[in-house]
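Peer 1: predicted model follows, preceded by the sequence.
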Amino acid sequence: MPEIFIDGQAIQAEPDQTVLQAALANGIFIPYFCWHPHLSVHGNCRICVVEVEAKGGSWLDISCNMPVTEGMHVLTDSEEVRAQRKAILQFVTLNHPVDCGICDKAGECTLQDYHFAYNGSPSISRDAKVHATKFFDLSKRIVLDNERCILCSRCVRFTREISKSHALGIENRADHSLVRPAEDRRFDDDPYSDNVIDICPVGALLSKQFLYKARVWYLEPTPSVCPGCERGCAVQIWHRRPEWRLNALDPRQNAEIARVTPLENPAVNGPWICNKGRDLARIFERARAEQPMLKGKPVELAAAIDAARRLIDEARHAVALVSNWGSNEELAAFKQALAGRFAASFVKRDRQPEPGERIEDDFLIRADKNPNTAGARALFDDAPAALPDGADLVLVWGEGCDFGRLPRGAKTVFLGSYLAPENGHADVFIPVSIQTERRGSYTNFAGTVSPFEPCFAKKPSVADAETLFAALAQRERATA
Amino acid sequence: MGGRKLLMTFPVTATSHTLADYRARGGYETLAKVLREKKPEDVTKEVAASGLQGRGGAAFPVGRKWQVVHLDDGQPHYLCANADEGEPGTFKDRWILENAPHLLLESMLISSYALQVRNAFVYIRGEFDLPYRRLAAAVEEAYEAGYFGTDILGSPFACDIVVYRGAGSYVCGEASALITSIEGKRGYPRNRPPRLTVKGLYQKPTVINNVESLSNVTGIVRDGAEAFKKVGTPKAPGTRLFSVSGHINKPGVYEVEGGYPFADFLRNELGGMLGGRKLKAVIPGGISAKVLTAAEIEPLPLDQPVFEAAGSTLGSGGMIVIAEGTCMVRLLQVMLRFYHHESCGQCTPCREGMGWLHRVIDRIVAGEGRLEDIETMHHVSRWNDGTTICGMGDAAGYATVAILEKFRDEFEYWIANKRSKCNGVLEVGNA
């Protein structure tokens, strides 16, 4: 373990670390644009410059490519370093449009932060800026503003080293350089493409979904888990901060998912997620079922619960199909409160791959498109191809059940979240909350348990499955 | 004239570049002798002892570069001749490629033997046509004669050579960009560490030498390091090829022994100034070398350490002689247009700085300059010094600063009067 000294502070560095890594690992910040912990070192932004003090005089070089050597003395904030950083930032902003006022990245932009921290002066250039393409369609999901681009090449390296689509490259030279799709590749074919939006240190790569939707400081992230497949990537669901609620303008936005970004979890997904994880709104913001019903007739939630409880009491051979979108807590509540009342309880696959969706790859995407199959199967058996005949009650929890194939004559209790024709056909329909409205956890295919937090409040007419199961388990007082 | 010769030792004829003529001059005998009698490390020792310095611009000792490669490291090694000769004003390697391609090939074979290289490369400038055809023909001849391939001249030594044509990028003459280009990637220079002699082409130890540096190897091995050191000056032994252009009567490629006085060179070899004009300045070693005024260069001998002490360098040997009457503002404009065009765009200071300098000088020439623009150009040059991945940013900065400092009056005149102090026109030949 080489001992090095950064700003006079003794640090035990790992032998294969660079000065930048050793500094960051020990809480000393050195600014960087092009360096990224999960990408190769390119050393092109030159902002991570440090001063190395040596006997023969000191010298400046970039810290991201500087191996640690025993006893070296490094200064991260000497006068020379500050002067060079400032000069580099003058170069970086030379042809950058500084249009923060209309840039989605403003508020979480590295360049903005560094400008205030390390430069702070207006440009000393008197010449016109070099113009480049605005609104270049990099893919159906991503728009590129070449004027804002600082050519750090993180996105290019991402497609080469992480997603391996090799879909991006740099064209032309000098200050005419442009990030462009490779001639023979389509960035649309890269299911991980949106990660380049997150790793872009400036507002050059922007999500079309999120374009001009919100200023980021009006939003806050809630830690969650992507339910798109059994990988269970850690994500952050961004939504409007309560203190910035919109009351008059468009109140619907208060309960909408503004965007989804990855939450770094080395055990599951590293810092990346796939594009499906970005589109959670497409899953969670489908038309919701919020009205409890008895054979299609609207009733109060309490009445629906009563009716369901009665059906369970009366059944002689009841079968349950539990949801693999249920959280571990809900599944445990079902097991504990209700499983004894059912002749058999099976795990149902709520969702199947959608047409055109990538089924599986060797990076993140898994074939099972449900988040908690592992958690559910730890408690219940897989559903057989056909339910046993003779069942007189079927409790269906979650989507993906073909009601036409249920045993004939059996009564049905359906716990669902979205508008669907089956809702009205069930003898009892009870709307239940979705992931963004409750707290819980999923167990992924490898056995890693990841928690999620609620982002929005559920409607009063919607039940929470965990408490619902306890309520359904209570026998009628009359019969007790 | 110009002292002893080591490379231009034969009269150039219609066939002097062929294998037959080269053999008649004793060609490939040194290779045979080396393969028969010498161990690889002996060759490296000889080259190191000769004190041969790189001729591509940086004047780095060739032997020191070679000694970094460990013969017993169990890895493949690569040798690459840098024939990308893109430095404006430089066309000396072209002479070797056109007239003595076999000298380069024999030297590369000897070097490959010394470094235990199985695959050697020549990265040749894409714009070179005749040099490429001559070199390709020479490679073919050498293969037919059994100098390449396996069991070369009956020894167990095997070596193959690939001639790789560049696509016209200036930066690809920089060693790391050159190998990146050979690898089939965009010609971006690489950060050091690691050095290329540790991790170069395909991440294996790679030695990259200029064509002229390599071409000296045969002579050094044939005649011995001591004989080589007797030529030239103690600190920079040997001869140098100079490609001289500009306002002189006899532009061309000349071989000059180290230490030969510049004044004699100008008067004797170059035939004096064109039209009898006065010498104004000389860019001694490609446009990236700092300009020297007439007063500065006239007393100097052509010796690398002396030129370094004078604040410039003999660099790549691309000498541009500038006569009185030449407008240095426009000269700088042409240079900066080149640097802007050729900056690879990888690292920030050069990518943005070269365009910045170009726009400022264009504006000055357009008559919209201000005095503080000179400071801006100093600022941009200052922050390209030592801040970039490769040496191009530094070199452009040095060249700019030298012209700005030494001819500041011309810039101030243009800014004040919106026209050249030199009347903007140089009518050479009509004088």
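Peer 2: That came in fine, so what should we check first?

Peer 1: quick check, the residue in the stretch 1-150 of chain B closest to chain A?
Peer 2: residue B:86 (13.5 Å; Cβ to the nearest Cβ). In this view, the C-beta of every residue, glycine as well, is placed from N, C-alpha and C.

Peer 1: okay, that residue: pLDDT?
Peer 2: pLDDT recorded at residue B:86 is 92.

Peer 1: residue A:476 now?
Peer 2: 60.

Peer 1: next: the one 4 residues further on.
Peer 2: Residue A:480 carries a pLDDT score of 38 in this model.

Peer 1: helices or strands up against the host helix or strand of residue A:235?
Peer 2: Assigned by DSSP states H and E, residue A:235 belongs to strand A:234-240. With contacts taken as 3 or more Cβ pairs under 8 Å, 6 or more residues apart in numbering or on different chains; DSSP states H and E, strand A:234-240 sits against strand A:219-225, strand A:259-262.

Peer 1: next, format those as CSV and append mean pLDDT and distance to residue B:372.
Peer 2: Below are the helices and strands packed on strand A:234-240 laid out as CSV (pLDDT from 0 to 100; distance: least, Cβ to Cβ, whole Å):
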stretch, mean pLDDT, distance to residue B:372
strand A:219-225, 97, 44
strand A:259-262, 97, 45
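
Peer 1: of all those, which lies closest to residue A:370?
Peer 2: Closest to residue A:370 of the helices and strands packed on strand A:234-240 is strand A:219-225 (Cβ to Cβ; 12.0 Å).

Peer 1: what residues of the closest one count as buried?
Peer 2: A:219-222, A:224-225 (16 or more other Cβ atoms under 10 Å in any protein chain shown).

Peer 1: what does the stretch 301-431 of chain B have sitting close to chain A?
Peer 2: B:340-356, B:359-360, B:363, B:370, B:373, B:376, B:379, B:382-383, B:386-389 (Cβ under 8 Å from any Cβ of the partner chain).

Peer 1: got a quick ChimeraX command for the buried subset of those residues?
Peer 2: Only the buried entries of these go into this ChimeraX selection, using 16+ other Cβ under 10 Å:
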select /B:340,342,343,344,345,346,347,348,349,350,351,352,353,354,355,356,359,360,363,373,376,379,382,383,386,387,388,389
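
Peer 1: what helix or strand is residue A:468 on?
Peer 2: Per DSSP H and E: helix A:465-473 holds residue A:468.

Peer 1: so what touches that helix?
Peer 2: Identification of contacts with helix A:465-473 by Cβ atoms under 8 Å, 6 or more residues apart in numbering or on different chains yields A:305, A:308-309, A:312, A:326-327, A:329-330, A:333-334, A:337-338, A:341, A:397, A:415, A:430, A:432-433, A:438, A:440.

Peer 1: pLDDT at residue 420, what is it?
Peer 2: Defaulting to chain A. For residue A:420, pLDDT reads 95.

Peer 1: wrong one, chain B
Peer 2: 91.

Peer 1: kindly state the domain boundaries assigned to the chain.
Peer 2: Since you didn't name a chain, this refers to chain A. Domain segmentation of chain A under automatic domain parsing yields A:3-92, A:100-207, A:293-473.

Peer 1: I was thinking of chain B, sorry if that wasn't clear
Peer 2: Split by automatic domain parsing, chain B gives B:19-229, B:242-323, B:328-417.

Peer 1: for residue A:143, find the nearest of the ones you listed.
Peer 2: Closest among those, using Cβ to Cβ: domain B:328-417, at 22.0 Å.
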